[in-house]
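In: Sequence and predicted structure, then a few things I'm wondering about:
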Amino acid sequence: MPATPQPRPTILSIEPYVGGESKLPGVNRIVKLSSNEGAFGPPPGARAAMAEAAAEMHRYPDGSATALREAIGKRFGLDPARIICGNGSDELIGQLVLSYGGEGTELVMSAHGFIMYDLAGRYAGCRVIKVPERDLQPDVDAMIAAVGPRTRLVFLANPNNPTGAMLPASEVERLRAGLPADVLLVLDAAYAEYVTRDDYDAGAKLVDAGTNTVMTRTFSKIFGMGGARLGWAYAPAPVADVLNRVRGPFNVNAPAMAAGIAALAEPAWVERSVAHNTEWRGRLSETLRGLGIKVHPSEGNFILADFGTPARAKAADAAMRQRGLIARAVAGYGLPHCLRITIGTAEECGMVGDALAAGFARADG
């Protein structure tokens, strides 16, 4: 047989990422609760801005995303010069790993952390170390202990997907203090806007405190713009310089930038979304607990429902699918006994409760 080009061995260990399902055969109405896309979709202003920008699709976008970075900086009180925009925060996560990791290095993450850290790490050739958790909560001491001389990056999703767990600012600060100065801590704050606790910081303080912490954010969740692929990072100047060197020159499209600027300016959008999410996350959690289903504490726009066994999780999934409800199975995260359920509209949350009540009544009756 003739020789053929071969990729690096770690590439073949990667299973392609599979997003949340969106279709069910034979079902008229589908309610997608599998991707944490936001209960209300995108803000009206963002939709209008994207439609208007479509008329200029033949023009290349501003490669520096200047107006968007300035809008983000104004909204969150950050230095626009240290904001880097990307084709979703996933792009920026991948670029950080490729830039600071690579063959012979290690990446440390929590055992049930967002799967993209693992995929990006293996893509870069890193050895990925998944640190055991305590009752689905990241273990700061264990993560610090897992760091060795080859560790270059530590990733923490806070709040975490898919568990919903959140570390208070004091614990994140303790994690940073326990890491060597040459290890880059990446704080993935995709769900930051949904947090209502006072002891939380998305990461900007640690970014400003030194040169070794990065915060990533997204427009995909509370702003409902997952299809636009728009994310951003806030980084120390040296890290921002690296990301600007490696990112594509036009990595964010013009309609997405226009929509992002409009979304940030939408009156009361975040406040309304947070109020709805807090109310219905609590209501749905109590409904499920009343059915004997364990619900782990969550600070995101989703809950992690624990059915005890993989068989019961599959039965719950089937009961929901019969009514057109798609949740996210998380066996790929090592949680085959759980389902992650996005907080949808009030009606959709009620449908979840009804489906599970009926399904478990039949299964247990």
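Out: In hand now; what should we look at?
In: Below-threshold pLDDT in the chain: ranges please.
Out: By pLDDT under 70, the low-scoring segments of the chain are 1, 21-23, 26, 361-365.
In: ok, which stretches of it are strands?
Out: Ranges of strands in the chain, per DSSP state E, are 31-32, 83-86, 106-110, 127-131, 151-157, 184-188, 213-218, 231-234, 294-296, 302-306, 325-326, 328-330, 335-342.
In: Which strands or helices does the third one pack on?
Out: Just to be clear, that refers to strand 106-110. For strand 106-110, the packing partners by 3 or more C-beta pairs under 8 Å, 6 or more residues apart in numbering; DSSP states H and E come out as helix 115-124, strand 127-131, helix 140-146, strand 151-157. Bear in mind the C-beta positions are built from the backbone N, C-alpha and C, glycine included.
In: before we move on, back to that, let's have the strands of the chain in JSON lines, adding mean neighbour count.
Out: Listed next are these as JSON lines, based on neighbours: other C-beta atoms under 10 Å:
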{"stretch": "strand 31-32", "mean neighbour count": "20"}
{"stretch": "strand 83-86", "mean neighbour count": "25"}
{"stretch": "strand 106-110", "mean neighbour count": "26"}
{"stretch": "strand 127-131", "mean neighbour count": "19"}
{"stretch": "strand 151-157", "mean neighbour count": "25"}
{"stretch": "strand 184-188", "mean neighbour count": "26"}
{"stretch": "strand 213-218", "mean neighbour count": "26"}
{"stretch": "strand 231-234", "mean neighbour count": "26"}
{"stretch": "strand 294-296", "mean neighbour count": "17"}
{"stretch": "strand 302-306", "mean neighbour count": "26"}
{"stretch": "strand 325-326", "mean neighbour count": "24"}
{"stretch": "strand 328-330", "mean neighbour count": "21"}
{"stretch": "strand 335-342", "mean neighbour count": "24"}
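In: could I get those as JSON lines with distance to residue 43?
Out: Listed next are those as JSON lines, based on distance: least, C-beta to C-beta, whole Å:
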{"stretch": "strand 31-32", "distance to residue 43": "19"}
{"stretch": "strand 83-86", "distance to residue 43": "18"}
{"stretch": "strand 106-110", "distance to residue 43": "32"}
{"stretch": "strand 127-131", "distance to residue 43": "36"}
{"stretch": "strand 151-157", "distance to residue 43": "24"}
{"stretch": "strand 184-188", "distance to residue 43": "23"}
{"stretch": "strand 213-218", "distance to residue 43": "15"}
{"stretch": "strand 231-234", "distance to residue 43": "17"}
{"stretch": "strand 294-296", "distance to residue 43": "29"}
{"stretch": "strand 302-306", "distance to residue 43": "20"}
{"stretch": "strand 325-326", "distance to residue 43": "24"}
{"stretch": "strand 328-330", "distance to residue 43": "24"}
{"stretch": "strand 335-342", "distance to residue 43": "18"}
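In: pull the longest helix from the chain.
Out: In the chain, taking DSSP state H as the definition, the longest helix is helix 269-290.
In: related to what we said a few turns ago, and the helices and strands packed on strand 106-110 as a markdown table, adding distance to residue 355?
Out: Output for these, formatted as a markdown table (distance: least, C-beta to C-beta, whole Å):
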| stretch | distance to residue 355 |
| --- | --- |
| helix 115-124 | 27 |
| strand 127-131 | 33 |
| helix 140-146 | 37 |
| strand 151-157 | 28 |
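In: Of all those, which one is nearest residue 100?
Out: Each of the helices and strands packed on strand 106-110 has some distance to residue 100 by C-beta to C-beta; the shortest is strand 151-157, at 5.0 Å.
In: now the closest one, how far from the chain's geometric center?
Out: Relative to its parent chain, strand 151-157 has a centroid offset of 15 Å by C-alpha atoms, centre = their mean, to the nearest Å.
In: Let me know the angle separating that strand from strand 184-188.
Out: Using axes from the mean of the first three to the mean of the last three C-alpha atoms, to 10 degrees, the inter-axis angle of strand 151-157 relative to strand 184-188 is 20 degrees.
In: do you know how far the spatially most central residue of the chain is from residue 171?
Out: Centroid check for the chain by C-alpha atoms, centre = their mean gives residue 190 as the closest residue, at 4.7 Å. Distance of residue 190 to residue 171, computed by C-beta to C-beta, to the nearest Å: 19 Å.
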